[in-house]
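**Q** how would this look folded up:
(one chain, ligands or ions: 2)
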Amino acid sequence: MKLLSQRERFLDYIFYQIYPRSFYDSNGDGIGDLQGIIQKLDHLQDLGVNAVWLSPCYKSPNFDNGYDISNYRDIMDDFGTFADWLVLKKELNRRGMKLIMDFVANHTSTEHFWFQEARKSRDNPYHDYYIWAEKPLNSWQSTFGGSAWEYNEPTNEYYLHSFAIEQADLNWENPKVRKEMQEIIDFWVKLGVDGFRCDVLDHISKDFDNNKRYDGPHLHEYIRELFGRDGVNRLFIVGECQAGEESICALCGQERKELTTIFQFDHVRQHSDDKFLPFAFDLNLLRDTLVKWQYFTAKNDLLYTLFTDNHDQPFLLSLIQPPENLRYECATMLAGLVYLLKGIPFIYQGQEFGSENSYFDDIEDFNDIETLNYYRANQDKLAQKSLMERVNFGSRDNPRRPMAWTAHKADNFGFSTGKPWLAMPTNAEKINLIRDKNAEKSVFRFYQKLLSFRKESDAIRNGEFCDLTGNDGAFIYTRKQMGETVLVVCNFEKAQTLSLPIQGGKLVLCNYATREKDAYNPTFAPFEIAVYRK
Ligand code: GLC
Ligand code: CA
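**A** Ligands and ions are numbered 1, 2, ... in the order given. You can find the predicted model right below:
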């Protein structure tokens, strides 16, 4: 048997992203927690994933739901205790599942001890941990709205915050900061974590002279210093980075000891600058972007991440807006389309039963800082109705709404016996795990089949990708390895006749019962997927 390299082994990972606040509440306070995750690990196993990305669970005042960390070495009270985390880790290991932690490197909470000290005086030993200026150095805007510079009275200066006012950017040019960050990484590595998802990692090096807020001149040096070290460079490190072709090679090149892979958003971000402005999602564009990156990563021998959803964007399924009677078909076609490509799958919680966006009339039902800031900034400019339409369309609260586990409204669809921290999805009665599992057409069961096929097929794990799409409105590709060929045929919203480039394989996966009886019928129904293996 061929020995697999570490990198090749990463291709066996199938991740599930958990947003702890909304996953499962074990103690009835309305907030998901670590014990809740522990109690639901059987669900993950049943689904067929073997790795977890845990969104931040550290101490935090939660201005940005945990992405504002006030202590990197302890667990948020809402989520439980350190002992709970240790149990979670042990329970994951027992099931052979990997765990990667979210590592927020660009900024800390302003409640972090470092910042509390830093803001006191210019000669405080921690002052230089952050980025200060007498006057705002530029007109940079915070991602969540407003100036990126905030006045600090005691020192009569401004500090930089690329995100919320309560998230102060760290000064990575200070070697002491880099040392602190290394020690934080080492702390978690010693506890046995399998890697990290690095939040807005490209932001840690800035180029003030050229007015560039990310991807600055020291980015690679800082990353290598942090992750290139022995004992760390064997881990799975995925950076959230807005990288173009050149910089993805630089970040993920095999010998460079920087990152394993990155999250690259080209394929899902089709919106204009204003992400709240409704638009029609184009599946052909999604396909073309994926094809481009499949070839590019193959040519340059890079690992690629496969995902459609996360905690920062509305559910892709909702952007595509399939008619109600085709929700199952669309959700499953999308899953097959993306997760049979070459790369490392990341499934976001709720995707496995076709979760969708919600609609709320009242801004009180929203929590996300970006959404609330957008609302405030546009309150006087837009009519209430159209403003709420935008908010509902683009809000990060959509994927962050608590998981609907059961069909019981009385106990908040199985999420919590208390009042959920954020209103349950408006469609929870219709879209919940139990109901999906009991349905004849179950998204969950499709995911199970898909993932188990992924695991047993060498062609899917490591095979060459080839795009064979002949026309728009479809995506047809093969994955090939040694003697095995897998043909994936995805049809988009309109029924059409497709000419299949390969005949005679065995049908291994489909989302229309009719296909089982007539595997090679050239007419494909709306959102139909058929996968053949030869
Ligand atoms: C990343 C996170 C997002 C967060 C931001 C600031 O983009 O995914 O949720 O708000 O960084 O930390
Ligand atoms: Ca709780």
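
**Q** for Met388, which non-adjacent residue is spatially closest?
**A** Distance criterion Cβ to Cβ, 6 or more residues apart in numbering; nearest residue to Met388, sequence neighbours excluded, is Asp361 at 6.1 Å. C-beta: built from backbone N, CA, C; applies to glycine.

**Q** run a quick neighbour tally on that neighbour.
**A** 11 (other Cβ atoms under 10 Å).

**Q** Tyr214: which element?
**A** For Tyr214, there is no host helix or strand (DSSP states H and E).

**Q** wait, it touches Asp169, no?
**A** No - Tyr214 lies out of contact with Asp169 (Cβ atoms under 8 Å); the separation is 10.9 Å.

**Q** mutual contacts of those two, please.
**A** Here Tyr214 and Asp169 share the contacting residues His203, Lys206, scored by Cβ atoms under 8 Å, 6 or more residues apart in numbering.

**Q** and the pLDDT at Met1?
**A** At Met1, the model reports a pLDDT of 51.

**Q** sorry, back to before: what is the three-state secondary structure of the residue nearest to Met388?
**A** With DSSP: H, G, I helix; E, B strand; the rest coil as the basis, Asp361 sits in coil.

**Q** I'd guessed it sits against Val391; true?
**A** No - judged on Cβ under 8 Å, Asp361 makes no contact with Val391 at a distance of 10.0 Å.

**Q** thinking again about what came up before, ok, the residue nearest to Met388 to Lys385 distance?
**A** In this view, Asp361 and Lys385 are 9 Å apart by Cβ to Cβ, to the nearest Å.

**Q** now do Gly354
**A** Separation of Gly354 from Lys385 (Cβ to Cβ) stands at 28 Å.

**Q** ok, now Ile248?
**A** Ile248 sits 42 Å away from Lys385, taking Cβ to Cβ as the criterion.

**Q** neighbour-wise, which of the two wins?
**A** Set Ile248 next to Lys385 and count neighbours by other Cβ under 10 Å: Ile248 wins out with 22 against 8.

**Q** so which strand or helix has that one?
**A** Using DSSP H and E, Ile248 sits within helix 245-252.

**Q** same question for Pro345.
**A** strand 344-348.

**Q** remind me what that strand packs against, helices and strands.
**A** Helices and strands touching strand 344-348, by 3 or more Cβ pairs under 8 Å, 6 or more residues apart in numbering; DSSP states H and E, are strand 15-18, strand 305-306, helix 327-339, helix 443-456.

**Q** return the set of buried residues in that strand.
**A** Within strand 344-348, the residues that count as buried by 16 or more other Cβ atoms under 10 Å are Ile344, Pro345, Phe346, Ile347, Tyr348.

**Q** can you name the element that comes right after it?
**A** The helix or strand immediately downstream of strand 344-348 is helix 369-378, counting by DSSP H and E.

**Q** residues touching Ala133, list them.
**A** Counting by Cβ under 8 Å, 6+ apart, Ala133 makes contact with Trp149, Glu157, Tyr158, Leu160.

**Q** how is this protein partitioned into domains?
**A** Split into domains by automatic domain parsing, the chain comes to 15-108+176-360+427-443, 113-169, 461-533.

**Q** mind putting those into JSON lines with mean pLDDT and distance to ligand 1?
**A** Shown next, in JSON lines, are the domains of the chain (pLDDT from 0 to 100; distance: least, Cβ to the nearest ligand atom, whole Å):
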{"stretch": "domain 15-108+176-360+427-443", "mean pLDDT": "97", "distance to ligand 1": "3"}
{"stretch": "domain 113-169", "mean pLDDT": "98", "distance to ligand 1": "4"}
{"stretch": "domain 461-533", "mean pLDDT": "96", "distance to ligand 1": "27"}
